[in-house]
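Student: Sequence first, predicted model second:
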Amino acid sequence: MISFIIITAYMIVEAIGGFLTNSLALLSDAGHMLSDSISLGVGLLAFTLGEKVSNHSKTYGYKRFEILAAVFNGVTLVLIALYIFYEAFQRFTDPPEVASTGMLTIAIVGLLVNIFVAWILMRGDTKENLNLRAAFLHVLGDLLGSVGAIVAALLIMFFNWGWADPLASVMVAILVLISGWRVTKDAIHILMEGTPKNIKLDDIIQTMENVQGIFSIHDLHVWSITSGQNALSCHAVVDSDLSVRSCQKLLRTIEHELEHKGIGHVTIQMENNEHPHGNSLMCQHEQDSSHSH
């Protein structure tokens, strides 16, 4: 929330400054800061909704809203980058006069603001949480945009290189485009129920089959509910002579092993070794990450 307030306030300042100094570097950075403001606002809403408990219509709750927010932020970054490319091309052909002193002052203040906001966001889990990482990448792009604007302002002041302004914008746009593409790709991977990047299926299969009593594993699915929350479901073929108590003990062992592999939500269907695809369901268990072992 603090990041959202700071970014929104300075975005207005930078937009006004960009118009007054006629600097595309500042205007593009202000446009990026607008996406930051939206990104942080949507991200804040995502975290709020993500805390809502599950119900009959949404059995996983609203945790996926974080991923939808990440898709929105990533696509926004890509669109902004493309617009900056377009504007920069226009300015390369006809470089306008830029008030370099005012541009430099606003860019320096913008750099300090972005460093502070990036520091706030870095205190969160930007590695595992895709929504937070998307917001952080937005701000990081802003920070680099401020650096580019500072360098461009200095080149205009000392060498009168008018093309430095659109050049700085293009460099920022490239970084923004890469960030946007990566965030969008990762978010879509989760929405498509792709295997989490930190999970190795071969390792998971070997871990489960190494548990005494497990003959084989099939119909294995591993996916992410949201950032940092992985789930697994599968059929496990076991000895038909196992008792219900032994079956439950076997499940506890598997769940404990998988928890150390980064999977907290586990559903396993046990089948006997005589009819592994029949109706010989021995027991079924669902393990949530909140369940204590």
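Tutor: All right, it came through fine. Residues are numbered from 1 along each chain as shown.
Student: contacts, neighbours, all on C-alpha from now
Tutor: Will do.
Student: can you list contacts of stretch 101-120?
Tutor: By C-alpha atoms under 8 Å, 6 or more residues apart in numbering, the list of residues contacting stretch 101-120 from outside reads 3, 6-7, 10, 14, 17-18, 21, 23, 26, 136, 139-140, 142-143, 146-147, 149-150, 153-154, 157.
Student: With only the CA atoms kept, save that stretch in CSV.
Tutor: The C-alpha atoms that make up stretch 101-120 are tabulated as CSV, following Å, rounded to 0.1, in the frame of the first residue of the first chain:
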residue,chain,number,x,y,z
THR,A,101,17.9,20.8,-16.6
GLY,A,102,14.3,20.2,-15.5
MET,A,103,14.5,16.7,-17.0
LEU,A,104,17.6,15.9,-15.0
THR,A,105,16.1,17.2,-11.7
ILE,A,106,12.9,15.2,-12.1
ALA,A,107,14.8,12.0,-13.2
ILE,A,108,17.1,12.2,-10.1
VAL,A,109,14.1,12.5,-7.8
GLY,A,110,12.4,9.7,-9.7
LEU,A,111,15.4,7.4,-9.2
LEU,A,112,15.4,8.0,-5.5
VAL,A,113,11.7,7.3,-5.3
ASN,A,114,12.0,4.0,-7.3
ILE,A,115,15.0,2.8,-5.2
PHE,A,116,12.9,3.3,-2.0
VAL,A,117,9.9,1.5,-3.4
ALA,A,118,12.0,-1.3,-4.8
TRP,A,119,13.6,-1.7,-1.4
ILE,A,120,10.1,-2.0,0.2
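Student: pLDDT at I12, what is it?
Tutor: Here, the pLDDT recorded for I12 equals 90.
Student: Quick one: list the elements packing against the helix or strand it falls within.
Tutor: In this structure, I12 is located in helix 2-21 according to DSSP states H and E. Under the contact criterion of 3 or more C-alpha pairs under 8 Å, 6 or more residues apart in numbering; DSSP states H and E, the helices and strands touching helix 2-21 comprise helix 24-50, helix 100-122.
Student: Which positions in that helix come out as buried?
Tutor: Taking 16 or more other C-alpha atoms under 10 Å as the basis for neighbour counts, the residues of helix 2-21 that come out buried are 3-4, 7-8, 10-11, 14-15, 17-18, 21.
Student: which one of these is nearest A88?
Tutor: When those are compared for distance to A88 (C-alpha to C-alpha), G18 wins out at 14.2 Å.
Student: hang on, the closest one packs against L24?
Tutor: Yes - applying C-alpha atoms under 8 Å, one finds G18 in contact with L24, separated by 6.9 Å.
Student: winner for burial among the helices and strands packed on helix 2-21?
Tutor: Burial among the helices and strands packed on helix 2-21, expressed as mean neighbours by mean count of other C-alpha atoms under 10 Å, is greatest for helix 24-50, which shows a mean of 24.
Student: L121 reaches L132, doesn't it?
Tutor: Yes - with contact defined as C-alpha under 8 Å, L121 counts as touching L132 (7.5 Å).
Student: which residues sit in contact with L68?
Tutor: Counting by C-alpha under 8 Å, 6+ apart, the residues that L68 touches are A187.
Student: Distance of it relative to A46?
Tutor: As judged by C-alpha to C-alpha, to the nearest Å, L68 and A46 stand 9 Å apart.
Student: One more: A81?
Tutor: Counting by C-alpha to C-alpha - A81 and A46 are separated by 24 Å.
Student: One more: A168?
Tutor: Here the criterion is C-alpha to C-alpha. By it, A168 lies 33 Å from A46.
Student: can you check D186 too?
Tutor: Using C-alpha to C-alpha, one obtains 17 Å as the distance from D186 to A46.
Student: you'd agree A236 is in a strand?
Tutor: Yes - note on A236: a strand contains this position according to DSSP: H, G, I helix; E, B strand; the rest coil.
Student: Run through the bridge partners of it.
Tutor: According to DSSP bridges, the residues that bridge with A236 are I217, M270.
Student: doesn't H218 make contact with it?
Tutor: Yes - with contacts defined as C-alpha under 8 Å, A236 counts as touching H218 at a distance of 6.6 Å.
Student: what about the two, which has more around it?
Tutor: Between A236 and H218, counted using other C-alpha atoms under 10 Å, A236 has the larger neighbour count: 23 against 13.
Student: Flag every buried residue along the helix or strand L68 falls within.
Tutor: Using DSSP H and E, the secondary-structure element containing L68 is helix 65-93. Along helix 65-93, the positions that meet the burial threshold by neighbour count (16+ other C-alpha under 10 Å) are 65-78, 80-82, 84-85, 88, 91.
Student: for the record, mean pLDDT for it?
Tutor: When the per-residue pLDDT values of helix 65-93 are averaged, the result is 84.
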